[in-house]
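Chemist: can you look at this prediction? I've put the sequence above it.
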Amino acid sequence: MDLTKGDKEFVWHPYTQMRDWTKWNNRVIVKGDGFYLVDSIGRKYLDGSASMWCNVWGHTHNKVVQAMIEQLKEVPHCTLFGLANAPSTMLAEILVRLARGMHKVFYTDNGSTAIEVAMKIAVQYWHNKGKHQKKDFISLEHGYHGDTIGAMSLGYIENFFRAYRPLLLDVHRVPSPLLYGSKFTNESDLVECCLEKTESTLKRHKDRCAALIMESGAQIAGGAIIFPTGYQRKIAKLCRDYDVLLILDEIATGFGRLGNIIEYIAQNSQPDIVCFGKALTGGYFPLAVTLVTHCIFDAFLGKYRYNKHLYHGHTFTGHPVGCAAALANIENYQNRNLTQQIKVSTEYIASRLPEFSKSPIVADIRHKGLLVGIELAKNNKPLLTLKNKEITNYFIMQQSLKMGVYQRPLGNIMLLIPPLGITKTDLEKLVNVQLKLLRKMEKLS
Ligand SMILES: Cc1ncc(COP(=O)(O)O)c(C=O)c1O
């Protein structure tokens, strides 16, 4: 097969206008090399978006990959329906130890389904307790929780999901604390206003609401919106006060993205249900988890005929190879002191950001850990197209590839989301290429 011509004939790519695809993309990745991806004609690209925000250790052989190989030799797949398997049993114990206050682990195979499970658990929890009317959800504006029907309903982003509106559930929305573009000049007034609106929504709908769901620490897909200190803790308290469950989505932010392994612990905001995915396996296997407290779990116990158990399961639930990957990955975090390395990389990024903020087209920079969002604007309007009529988004992706970096911005927002274990040299290259791109766009704005 000739891989140099790209895969234009047969593959339908996600979030991609396929008419444009063949015009500019003929890259087929055939191998990894450190934090680089190598295509079929030997061109190398630094993975500047951690392969959709999940890569930790790069793209070559390492201890996590080795653990997966060993597991494949032992037992390549075995169902969790009616049987347990060793890696999923061991991983659950470790997750429960890491995620303070959580007691049981439900396995799925991607972030979106981990959210669907969280929704079903929340609704059935109240159902099992006889409160059948508590079935609505509250979520944040700019939230994103995945692409399945329930997850889209919760995380509605107008631009992404407009066409699917007829399929989606009605959800109560509360504001997200984004200072840029708001009427506020300081964060504390903004947070106060967001909390007041959240509280009034909770007060109004508490008898019908099963849960409030939010990303933990930051919203990434909604525009790299970083939550001000104390905000999430106060939301957790409001949920407790109004007897509405709190579901935290740590799929993109947990396991180190914002500098903490478990973000809700750093935010001092205990959830009832929490989801992890992406970096959990180092990005090597489609595995996600939904963790719950004893209190939630116990509501599902009872005589078989009472039908209280959770009716959910996937063919690949608790896949032993994925669980072996996650076990080795977590061990590697500890052995290689990854949180310290993330801290050093975070400081390096912070030291370079003033070079971006001087630009006349940079309107706002939002940074925490290994997440940076750089909002581009001209005359107070989002810079969505350039003078040469190119869409900013496409321009950044294509030009980055030409400079040897794989990037995925969000509209007019440049994103830096490197693999969590990235080396100093590679991080420097990533930042330098972004700066060069910014200078090009200044001329085209
Ligand atoms: C916060 C958040 N939740 C859920 C998801 C969905 O995860 P997946 O793409 O694995 O279905 C994502 C994906 O980007 C996400 O960022």
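Modeler: Looks like it arrived, so ask away.

Chemist: contacts only, for the most centrally placed residue in the chain.
Modeler: What sits nearest the mean C-alpha location of the chain, by Cα atoms, centre = their mean, is Ala252, with 2.1 Å. Taking Cβ atoms under 8 Å, 6 or more residues apart in numbering, we find Ala252 in contact with Trp53, Gly111, Glu215, Ile220, Ala221, Lys278. Every residue, glycine included, has its C-beta placed from N, CA and C.

Chemist: count the residues that sit near the nearest residue to it once chain neighbours are set aside.
Modeler: Distance criterion Cβ to Cβ, 6 or more residues apart in numbering; nearest residue to Ala252, sequence neighbours excluded, is Ile220 at 4.9 Å. When neighbours are counted by other Cβ atoms under 10 Å, Ile220 registers 22.

Chemist: next one: stretch 314-332 to chain centre, how far?
Modeler: Per Cα atoms, centre = their mean, to the nearest Å, the displacement of stretch 314-332 from the mean C-alpha position of its chain is 18 Å.

Chemist: tell me the residue furthest from the middle of the chain?
Modeler: Furthest out from the centre of the chain (Cα atoms, centre = their mean) sits Arg305, at 38.4 Å.

Chemist: pLDDT score assigned to it?
Modeler: pLDDT, Arg305: 96.

Chemist: quick one: residues contacting it.
Modeler: So Arg305 contacts nothing (Cβ under 8 Å, 6+ apart).

Chemist: again, but for Val11
Modeler: Val11 neighbours (Cβ under 8 Å, 6+ apart): none.

Chemist: cool, Tyr311 as well?
Modeler: Lys120.

Chemist: kindly report the residues of this structure close to the ligand.
Modeler: 110-112, 115, 144-146, 215, 220-221, 249, 251-252, 277 (Cβ under 6 Å from any ligand atom).

Chemist: tally of neighbours for Arg240?
Modeler: For Arg240, the count of nearby residues is 13 (other Cβ under 10 Å).

Chemist: so which residues of the stretch 301-445 of the chain form helices?
Modeler: 320-335, 338-357, 392-402, 424-443 (DSSP state H, counting those that start in this stretch).

Chemist: how many residues are close by the residue in the stretch 101-250 of the chain that the ligand sits nearest to?
Modeler: Closest to the ligand within the stretch 101-250 of the chain is Gly111: 2.2 Å, counting by Cβ to the nearest ligand atom. Neighbour count of Gly111, defined by other Cβ under 10 Å: 29.

Chemist: touching, it and Gly146? I think so.
Modeler: Yes - Gly111 lies in contact with Gly146 (Cβ atoms under 8 Å); the separation is 5.2 Å.

Chemist: what's near enough to touch His309?
Modeler: His309 sits next to Phe300 when contact means Cβ under 8 Å, 6+ apart.

Chemist: actually, Val171.
Modeler: Neighbours of Val171 in contact, by Cβ under 8 Å, 6+ apart: Asp136, Phe137, Ile138, Ser139, Ser153, Leu154, Tyr156.

Chemist: tally of neighbours for the first one?
Modeler: Same thing as Asp136. Asp136: 18 surrounding residues under other Cβ under 10 Å.

Chemist: what pairs with it across the strands?
Modeler: Legend: beta-bridge partners of Asp136 under DSSP bridges are Cys209.

Chemist: which ones are touching Ile157?
Modeler: His142, Gly143, Tyr144, Ala221, Gly222.

Chemist: now the residue nearest to the second one when sequence neighbours are not counted: how far from Lys206?
Modeler: It refers to Gly143. Spatial nearest neighbour of Gly143, chain neighbours left out: Gly155 (4.2 Å); criterion: Cβ to Cβ, 6+ apart. Between Gly155 and Lys206 the computed distance is 22 Å (Cβ to Cβ, to the nearest Å).

Chemist: neighbour count for those two, which is higher?
Modeler: The neighbour count for Gly155 versus Lys206, taken as other Cβ under 10 Å, is higher for Gly155 (28 against 16).

Chemist: rewinding a little: output the helices of the stretch 301-445 of the chain in a markdown table, with distance to Val105 appended to each entry.
Modeler: Shown next, in a markdown table, are those (distance: least, Cβ to Cβ, whole Å):
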| stretch | distance to Val105 |
| --- | --- |
| helix 320-335 | 10 |
| helix 338-357 | 22 |
| helix 392-402 | 36 |
| helix 424-443 | 33 |
